[in-house]
Structures are given as structure tokens and as C-alpha cells.
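Trainee: Here's my sequence, what's the structure:
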Amino acid sequence: MVTEFTLLPSLLGGILIGVAAVLLFYANGRIAGISGIFASLITTPFNEAGAWRALFLLGLIGGAAAMSLVGAYDPQSVRFPTEGAMTAIAGLIVGLGTAIGGGCTSGHGICGIARLSPRSITATAVFMAVAFVTVYAIRHVI
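Mentor: Residues are numbered from 1 along each chain as shown. Below you'll find the model as predicted:
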């Protein structure tokens with residue numbers, strides 16, 4: 001199985017994610033945990049105080065769309081190894097994991113580790129270990 005890695009786009013993406021996390025924290029005092037932002041957006045009444053959640057998520061989608069429009073990447077090159085029901089089930093499992101873990105990779109892995117949170121360091125170590133085992137099993141066992 002071929003794995004593509006692009007140094008400069010990956011580095012730029014990481015820098016932009018870090019800058020967005022810092023800006024959100026300093027502007028709003030909020031952690032850039034995407035699962036928490038999304039969950040709050042769909043579970044609480046929409047008001048002016050929560051509009052930042054919608055704008056933040058629109059920025060994520062808009063940023064990818066803008067990069068596609070300027071030719072920085074081809075969205076057709078993004079492939080998922082499964083389709084349909086299996087992709088939906090995988091998404092539900094990820095959502096369940098973020099609910100059980102009290103956060104996602106962005107909240108724990110980017111913001112939590114930067115704040116030296118023991119809970120976030122532990123959560124990140126656990127989901128990274130599970131990811132390593134999953135990739136190994138899919139590529140070498142199944």
C-alpha cells in the first residue's frame with residue numbers, strides 16, 4: 001500500500017492549525033476541539049454567542065474549498081478505503097470515542113498537550129496507540 005507524504009503542504013497545514021487554535025483561545029478563551037465545537041453547535045440553541053462555532057466549522061470547510069480552487073490540491077485524490085455503510089459506521093465509532101474520551105485529536109492532541117494537561121497527554125497516547133494497532137491490523141493481518 002502506497003502512502004503519500006508531502007512535506008511542505010503538511011507543514012503549512014500544521015502551522016495553520018496551530019495558529020487557528022491559538023487565535024481561538026486568545027479571542028474566545030475556547031479550546032479548538034472540533035468534536036466539542038460540532039457537538040455544541042448541534043445540541044445547543046443557536047444564538048449570537050454560539051455563532052463562532054458555525055463560523056469556525058465553515059472556515060475548516062471553506063479553507064479546504066479555497067485550496068482546491070487555487071489548485072493547491074485535487075479533492076478527487078482523497079480516497080477512503082471504504083464506502084457507504086462502513087464509512088458511516090466508522091464515523092459513528094469515532095464520534096463515540098470522542099464522547100467517551102471527552103475530546104478529539106484537536107482538543108487533546110493539539111490544545112491539551114500544548115497546555116501540558118496530563119488528561120490530554122494520556123488521551124492522546126491512547127488514541128495514537130489504538131491508531132497504530134488498527135493500521136497494523138488492516139495492513140498486515142486482515
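Trainee: Give me the contact list for the longest helix anywhere in the chain.
Mentor: Scanning the chain for the longest helix, with DSSP state H as the assignment, gives helix 7-28. With contact meaning Cβ atoms under 8 Å, 6 or more residues apart in numbering, helix 7-28 is reached by 30-32, 52, 56, 59, 63, 72-73, 106, 110-111, 114. Any C-beta I mention is one placed from the backbone N, CA and C, and that applies to glycine too.
Trainee: The same query, at a cut-off of 6 Å, please.
Mentor: 30, 32, 52, 110-111 (Cβ atoms under 6 Å, 6 or more residues apart in numbering).
Trainee: do the same with stretch 66-83
Mentor: So stretch 66-83 is contacted by Thr87 (Cβ under 6 Å, 6+ apart).
Trainee: so where is this structure shaky, pLDDT-wise?
Mentor: By pLDDT under 70, the low-scoring segments of the chain are 1-3.
Trainee: how about the helices in it?
Mentor: 7-28, 34-43, 51-69, 85-101, 113-114, 118-136.
Trainee: Can I get the buried part of the contacts of helix 7-28 as one ChimeraX selection?
Mentor: The ChimeraX command for the buried members of those (criterion: 16 or more other Cβ atoms under 10 Å) is given here:
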select :30,32,110,111
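Trainee: Which members of the contacts of helix 7-28 are the farthest-apart pair?
Mentor: Trp52 and Ile110 (17.8 Å; Cβ to Cβ).
Trainee: residues touching the nearest residue to Ile34 once chain neighbours are set aside, list them.
Mentor: Leaving aside its chain neighbours, Ile34 sits nearest to Ser106 (4.8 Å; criterion: Cβ to Cβ, 6 or more residues apart in numbering). If a contact means Cβ under 6 Å, 6+ apart, then Ser106 has 32-34 as its contacts.
Trainee: This completes my enquiry, with thanks.
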